[in-house]
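# Give me a model of this one.
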Amino acid sequence: MPRTLIVTNDFPPRRGGIESFVRALADRLGDVVVYTASMPGSEEVDAALPYPVIRDRTGTLLPTRRVRAAVVRTLREHGCDRVLIGSSVPLGLLAPALREAGAQRILAVTHGHEVWWSRLPGTRQALRRVGDAVDVLTDISDWTRAQIGRALSPAGRAKQTRMAPGVDTSHFFPGSGGAAVRSSLGLTAEDRVVVCAARLVPRKGQDTMIDAWPAVLAAVPRARLVVVGDGPHRAALEKRAAQRGVTADVTFVGSVPWEQMPAYMDAADVFAMPSRSRLAGLEPEGLGIVFLEAAACGKPVIVGRSGGAPEATRDGETGYVVDPRSPREVAARVVELLTDRDKAAAMGAKGRDWVHASWQWDQVGATARRLLDLP
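Numbers count the residues shown, from 1 in each chain. Below is the predicted model of the structure:
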């Protein structure tokens, strides 16, 4: 029977979108072995998994001679003949050695950061080499596919295949704990709540939400903005809220465990994250699975026009795509959805149906199995 070696820097207990993506694939590929980096708290996580996890001695895997030898040895010792590389660069550069060691099928996953790899000298060539060496190079959106494809050879572009992340709809659903979250935050049924959940960094758009909030309050006095997440931009955002006079109307929750995220989505009337591209487009939003998680909870979403993020909603049907640098436009869409509850509910219902039809993890797992030629 085929056995798949997953080589990745991104795996629990480290938290993030790529980590969740790789873990979800590992859980759905059958007979797997994971080779990943060392990180605090890994022993407890690994002990609970039904497949072996081998931790390198370093906290970051790079395609060095030592790591290459260790990965090849793992492939051989565990009898693996398939390889899934959790993030295509730089670990995809191990593909030739894995092929020589007996890998019959190699799939490399791309996310959003490969976009800047595709645009810079040196890294562009590395991405091209990966595309030539693997059997399949996946993409998460039409936008990332086009951007990454510019760096690839014709043969590499022919290997590009869609495999976007999914949503666990048994975890994200209407009624998944929002009432308890509202109560814990001192919010009542009369309060109109907008949730923005993301790492607190400039490109995620929390600053635009705060700048929009005075206009939102002028139209909806009981509007409340709940900011979920933490990061280096928090102090600046709190200062910005004070400067705009909205401190009492903006709640900074801090970091929330993934298991509690559905409840915060469920607490919202609207989910909004007007993320934007930065550094001349080198820092885009590749897709934004958080929009689909909110949609799975039956919430209309407001999405910033950045990279592939608009593909995470159906503009005008399940939410709105906005100019992420326009507080005025963001405020107008927030007010529209907070004041027209029937429209918001209809958009949320359409979003939930769309996620159930097209964005579930089991569908993603089936795609990965097909691409790896697994039974």
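# Please count neighbours and contacts with C-alpha atoms only from this point.
Will do.
# From residue 291, how far out is residue 182?
With the distance defined as CA to CA, to the nearest Å, residue 182 ends up 20 Å from residue 291.
# Have a look at those two and say which one is more surrounded.
Neighbour totals were compared for residue 182 and residue 291, and residue 291 leads with 27 against 19 (other CA atoms under 10 Å).
# Can you spell out which helices and strands pack onto whatever helix or strand the more buried one lives in?
For residue 291, the host element (DSSP states H and E) is helix 289-296. Applying 3 or more CA pairs under 8 Å, 6 or more residues apart in numbering; DSSP states H and E, one finds that helix 289-296 makes contact with helix 261-266, strand 301-304, helix 341-358.
# And for the longest one, what's in contact with it?
Helix 341-358 has contacts (CA atoms under 8 Å, 6 or more residues apart in numbering) with 167, 169, 269-270, 292, 295-301, 313, 317-319, 337-338.
# make it 10 Å
By CA atoms under 10 Å, 6 or more residues apart in numbering, the surrounding residues in contact with helix 341-358 are 166-169, 172-174, 269-270, 291-301, 312-320, 336-338, 359-360, 363-364.
# Same question for stretch 60-76.
3-10, 33-39, 54-58, 77, 79-83, 89-95, 97-103.
# can you check stretch 234-242 too?
Contacts for stretch 234-242 (CA under 10 Å, 6+ apart): 199-202, 206-211, 213-214, 227, 243, 245-252, 254.
# For the residue of the chain positioned farthest from its centre, give its distance to residue 240.
In the chain, the residue that sits farthest from the middle, by CA atoms, centre = their mean, is residue 218; the gap is 33.4 Å. Shown here: residue 218 relative to residue 240, a distance of 18 Å by CA to CA.
# repeat for residue 246
For residue 246 relative to residue 240 (CA to CA), the value is 9 Å.
# so what sits against both of those two?
Contacts common to residue 246 and residue 240, judged by CA under 10 Å, 6+ apart, are 210, 211.
# The two: which is more packed in?
Per other CA under 10 Å, whichever of residue 246 and residue 240 has more neighbours is residue 246, with 19 against 16.
# still on that earlier bit, just say which of the helices and strands packed on helix 289-296 is most tucked in.
strand 301-304 (a mean of 30; mean count of other CA atoms under 10 Å).
# circling back to that earlier point, return the distance of the helix holding residue 291 from the chain's centre.
Remark: helix 289-296 is offset 10 Å from the chain centroid, using CA atoms, centre = their mean, to the nearest Å.
# okay, the angle between that helix and helix 341-358?
For helix 289-296 against helix 341-358, the angle by axes from the mean of the first three to the mean of the last three CA atoms, to 10 degrees is 110 degrees.
# Quick one: mean pLDDT for helix 289-296?
Per-residue pLDDT over helix 289-296 has a mean of 97.
# Put the alpha carbons of it into CSV.
Output of helix 289-296 as CSV, limited to C-alpha atoms (Å, rounded to 0.1, in the frame of the first residue of the first chain):
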residue,chain,number,x,y,z
ILE,A,289,-9.9,31.0,4.9
VAL,A,290,-11.2,33.1,7.8
PHE,A,291,-13.9,34.6,5.5
LEU,A,292,-15.1,31.1,4.6
GLU,A,293,-15.1,30.1,8.3
ALA,A,294,-17.3,33.1,9.1
ALA,A,295,-19.6,32.3,6.1
ALA,A,296,-19.9,28.7,7.5
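# what stretches of this structure score poorly on pLDDT?
Along the chain, the model assigns pLDDT under 70 to residues 280-282.
# Could I get the full set of strands for it?
Using DSSP state E, the strands of the chain run over 4-8, 32-36, 53-55, 82-85, 105-108, 136-139, 160-162, 192-197, 223-228, 250-254, 270-273, 301-304, 319-322.
# If any of the contacts of helix 341-358 are buried, give me the ChimeraX selection for them.
Command for ChimeraX, covering only those of these found buried under the criterion 16 or more other CA atoms under 10 Å:
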select :166,167,168,169,172,173,174,269,270,291,292,293,294,295,296,297,298,299,300,301,312,313,314,315,317,318,319,320,336,337,338,359,360,363,364
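# Disregarding residues adjacent in the polypeptide, which is nearest to residue 160?
Nearest residue to residue 160, sequence neighbours excluded (CA to CA, 6 or more residues apart in numbering): residue 137, at 4.8 Å.
# is it true that the one you found touches residue 114?
No: if you go by CA atoms under 10 Å, residue 137 and residue 114 don't touch, sitting 11.4 Å apart.
# When these two are compared, which one has more neighbours?
residue 137 (30 against 26).
# bridging residues for that one?
residue 108, residue 160 (DSSP bridges).
# residues touching it, list them.
85, 87-88, 92, 106-110, 130-131, 145, 148-149, 156-163, 371.
# Any of those buried? List them.
For the contacts of residue 137, buried by 16+ other CA under 10 Å: 85, 87-88, 92, 106-110, 130-131, 145, 148-149, 156-157, 159-163, 371.
# hmm, back to that, for residue 57, see how far away the residue nearest to residue 160 is.
Counting by CA to CA, the gap from residue 137 to residue 57 is 28 Å.
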